[in-house]
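J.: Using only what follows, build the 3D model:
(2 chains)
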Amino acid sequence: MNDMSRVERAVEIKQTKMECRDCHVYYGDTHAIKNVNVDIEDKTVTAFIGPSGCGKSTFLRCLNRMNDTIAGARVEGSFMLDGEDIYDKRVDPVQLRAKVGMVFQKPNPFPKSIYDNVAYGPRIHGLARNRAEMDEIVEKALRRGAIWDEVKDRLDAPGTGLSGGQQQRLCIARAIATEPEVLLMDEPCSALDPIATAQVEELIDELRQNYSVVIVTHSMQQAARVSQKTAFFHLGQLVEFGETGQIFTNPEDPRTESYITGRIG
Amino acid sequence: MPTLWLVLFLLLLSTLGFFAGRARALKSAGGDPRKLHSLPVYYGLNVALSGLVPALGVLAVWLLAQPMLIDTRVSSLLPEDSIPADLTRDLVMSDVRRVAEGLDIAVGQGALSEAEVGALKAGSSDIRARLGEVGVALGSDVRPEVLAAARSYRALSHTGTLVMAAVVAGLSLAGLAWSYARTHRDYRARNVVERGVLALLILAASLAILTTIGIVLSMLFETANFFGLHDWRDFFFGSTWAPNFRGDSELSILPLLWGTLYISLIALLVSVPIGLFAAIYLSEYAGKATRSFAKPLLEILAGIPTIVYGLFALLTVGPMLADIFGKGGALGVDWMAGATSVLTAGVVMGIMLIPFVSSLSDDIINAVPQSMRDGSLGLGATRSETVRSVVLPAALPGIVGAVLLAASRAIGETMIVVMGAGAIAKFSLNPLESMTTITTRIVSQLTGDTDFASPETLVAFALGLTLFVLTLGLNVLALYIVRKYREQYE
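T.: The predicted model follows:
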């Protein structure tokens, strides 16, 4: 029985969720991303690593069109989500972002109650017909965010009053409350202490069962711990992309090896 | 004139002191600036400042004190019986000062010589006519006692000015000599100059604060005078504003306060939504190019003098409203008698406040961290949903503060209501009637012939103080709210 489910999962991992081809991003005159090709697989954690300013966050923000909100940013290339181009004119970026959720570097709970923070997404997308359904969605999201036990008695307390690690897990719960298919995380642990980081990493590993997760990180240990696929960016280019174990033990490109061993970065 | 020469002389002395001090410092270091404690220029500045600052300080105090002392002295010289029954000692003294001043001018222009001034006799020589020739008009013929007093006034001023010049120049020289003597390569001139700069800055800051205290105190004294002449219960709790310069006025603040608050309310109803929406557009939607041209354009509105807004109210908005609501107007009703009304003033004042509200709210909205917006947009919210449910709630305390600041400006606004609101003090809910405000009544009570001993005039100070307390309270509340909000994200 157990063996059966494992086999099933191994088959699912092969499915490609997002397919990015010939991607370029410009900020005004700056060519920030140069010709990047990446396949994001379903139910997999994909890590983007690379030195600061290498474009990994920029590329992440292309995946749910958050670069649209930045004046002067221009995106070229094809980004397919389940075979549909997300930059197509007919695609509504607002609905896309409900499918491709995002968690940011700094925990950014809204100045509202914990309940309202989680209910925010479902409310704007009309996912609940009544209060009871909303309660259910909020509880489910908080449970999946591994924070339910800590906040279940104070759902009316402001989200800003939680500790940093709790805030970040609240933000993850908030992002998964809209049932996204892909979850983008931009250095989700960089503002957290080691204990909170461990909790969030554990959570990311659990989220893999339901979502495709893309995580940008500065910590190579973190990438090695949580991801199955790793992409190494350098100066706006994708240098190497492959199985995490492969990248960390036997990189093909000398630049990847230099970065992993700490000679550049 | 002698004062100007004196100041120029002090400046010259200090300039010389600057070069002398610098040269002495360099000499003490054997011509090598590296061996000095401070840069050579600091030694020069140190000498110049010690020549200038104490001397100028004494000069300022002397200029303030001398006329007062001489006045008292000359006034005591005037015998009691020389003052006519219908005049007070103060009035006679102002005659004396005027004659003395006239003689000074006559001598200065060469119309009279000092000897001729000494030979003038009150009865025979026609002083009034001769002073009239040099442009000093006297109200009546000069009586002998006044002439005598004017002579001694001149003599005392003359001596005083001479002594002042001597003392100030001596002080300056002493200061220069003292610091010149102390100038040496190890002297810490830089630190002394630094303390001088600090003192200058403190002086500037305390002048502003002292002026505020002075304004409040003068208002308080005059208000106390007013309450000595008029019943405070009528002022605060009466219902009628009917000043009557023959006495027996009813001076109640309540109808004026009602007009003020009503007009301010309308102004806020106009300015808050428009200003806030403009701020939201500029900070959340507008691109860089639009913003860089629309924001200054909006802020030009803030630079228009309020009297121009008053003209706009009087000539454009008022007649336009009268065309709509007045007799034979577009609506066919007869609700509005003239162009001046609460609505006219309120609308124009609202337009004036738009840039005020929008630029304050814009700052506050921009202070909401971008991560809040990202979080909301990342969840699939549209821009307006983000503004409505995340940005505005986060910025709300600051926006409330901005609105309160706008309200305190509306309450204190004068020119627009003088021209647009009318002059009738009454309680009415109809915004198409003319009403009046505290500020317009202050203007009308203090313009024209005024007697600063009657309650009808002094009431202006009580009104002013009330206005001051009202706006101060609003400002304090607004600043408190804004500050409390700022801490949230820092």
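
J.: CA atoms for contacts and neighbours, from now on please.
T.: Noted.

J.: residues contacting residue B:438?
T.: If you count contacts by CA atoms under 8 Å, 6 or more residues apart in numbering or on different chains, residue B:438 has them with B:253, B:256-257, B:259-260, B:463-464, B:467.

J.: Show me just the buried residues among those residues.
T.: Buried members of the contacts of residue B:438, counted by 16 or more other CA atoms under 10 Å in any protein chain shown: B:253, B:256-257, B:259-260, B:463-464, B:467.

J.: SS state for the spatially most central residue of chain A?
T.: What sits nearest the mean C-alpha location of chain A, by CA atoms, centre = their mean, is residue A:184, with 1.8 Å. Following DSSP: H, G, I helix; E, B strand; the rest coil, residue A:184 is assigned to strand.

J.: Quick check: it touching residue A:213?
T.: Yes. Look at residue A:184 against residue A:213 with CA atoms under 8 Å: they come within range, at 6.0 Å.

J.: List the buried residues for stretch B:284-299?
T.: Buried residues in stretch B:284-299, counted by 16+ other CA under 10 Å: B:284, B:295, B:298.

J.: same deal with stretch B:268-279?
T.: B:268, B:270-272, B:274-279.

J.: Next: stretch B:216-227.
T.: Under the neighbour-count criterion of 16+ other CA under 10 Å, stretch B:216-227 has B:219-220, B:222-223, B:225-227 buried.

J.: before we move on, what about stretch B:17-37?
T.: For stretch B:17-37, a neighbour-count test (16+ other CA under 10 Å) marks B:17-26, B:28-29, B:33, B:36-37 as buried.

J.: What is the nearest of those to residue B:188?
T.: Set against residue B:188, the nearest of the buried residues of stretch B:17-37 by CA to CA is residue B:37 (6.1 Å).

J.: Let me know the pLDDT of the nearest residue to that closest one once chain neighbours are set aside.
T.: Nearest in space to residue B:37, with sequence neighbours left out and distances taken as CA to CA, 6 or more residues apart in numbering or on different chains, is residue B:186 at 5.4 Å. If you check residue B:186, the pLDDT there is 86.

J.: how does chain B divide into domains?
T.: Using automatic domain parsing, the domain parsing of chain B gives B:2-187, B:189-227, B:237-487.

J.: which stretch among the ones you listed comes nearest residue A:196?
T.: domain B:237-487 (20.2 Å).

J.: quick check: mean pLDDT across that closest one?
T.: Across domain B:237-487, pLDDT averages out at 86.

J.: And for stretch A:115-127?
T.: For stretch A:115-127, mean pLDDT rounds to 91.

J.: How far away from the center of its chain is that stretch?
T.: 19 Å (CA atoms, centre = their mean, to the nearest Å).

J.: buried set for it?
T.: Within stretch A:115-127, judged by 16+ other CA under 10 Å, the buried ones are A:115-122, A:124, A:127.

J.: one step back: list just the nearest of the buried residues of stretch B:284-299 to chain A.
T.: residue B:284 (10.1 Å; CA to the nearest CA).

J.: can you list the residues of the stretch 101-250 of chain A near chain B?
T.: Selection of the stretch 101-250 of chain A residues close to chain B by CA under 8 Å from any CA of the partner chain yields A:101-104, A:106, A:108-111, A:121, A:124-125, A:175, A:178.

J.: Distance to residue B:314 and secondary structure added to the buried residues of stretch B:284-299, as JSON lines?
T.: JSON lines is the format used below for these (distance: CA to CA, whole Å; DSSP: H, G, I helix; E, B strand; the rest coil):
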{"residue": "B:284", "distance to residue B:314": "36", "secondary structure": "helix"}
{"residue": "B:295", "distance to residue B:314": "28", "secondary structure": "helix"}
{"residue": "B:298", "distance to residue B:314": "23", "secondary structure": "helix"}
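
J.: what about residue 56, how many neighbours?
T.: Because you didn't say which chain, this covers chain A. Residues lying near residue A:56 (other CA atoms under 10 Å in any protein chain shown) number 29.

J.: sorry, should have said chain B
T.: Residues lying near residue B:56 (other CA under 10 Å) number 19.

J.: Look up how far chain A lies from it.
T.: Distance from residue B:56 to chain A, counting by CA to the nearest CA, to the nearest Å: 58 Å.

J.: Report pLDDT for that residue.
T.: Listed pLDDT for residue B:56 reads 91.

J.: Tell me if I am right that it is in a strand.
T.: No. Assigned with three-state DSSP, residue B:56 falls outside any strand and is helix.

J.: show me the residues around the residue nearest to the centre of chain A that make contact.
T.: With contacts defined as CA under 8 Å, 6+ apart, residue A:184 is in contact with A:60, A:100-103, A:213-215.

J.: Let me have the residues you listed in CSV, adding secondary structure and pLDDT as columns.
T.: Shown next, in CSV, are these (DSSP: H, G, I helix; E, B strand; the rest coil; pLDDT from 0 to 100):
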residue, secondary structure, pLDDT
A:60, helix, 91
A:100, strand, 91
A:101, strand, 90
A:102, strand, 90
A:103, strand, 91
A:213, strand, 93
A:214, strand, 94
A:215, strand, 94
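
J.: Would you point out the most distant pair within those?
T.: A:100 and A:215 (12.8 Å).

J.: Show me the residue of the stretch 251-400 of chain B that gets nearest to chain A, please.
T.: residue B:380 (4.6 Å).

J.: Roughly how far does that residue sit from residue B:391?
T.: According to CA to CA, to the nearest Å, residue B:380 and residue B:391 sit 15 Å apart.

J.: ok, the two, which is more surrounded?
T.: More crowded of residue B:380 and residue B:391, by other CA under 10 Å: residue B:380, with 30 against 27.

J.: What does that one show for phi and psi?
T.: phi 90, psi 20 (degrees, to the nearest 10).
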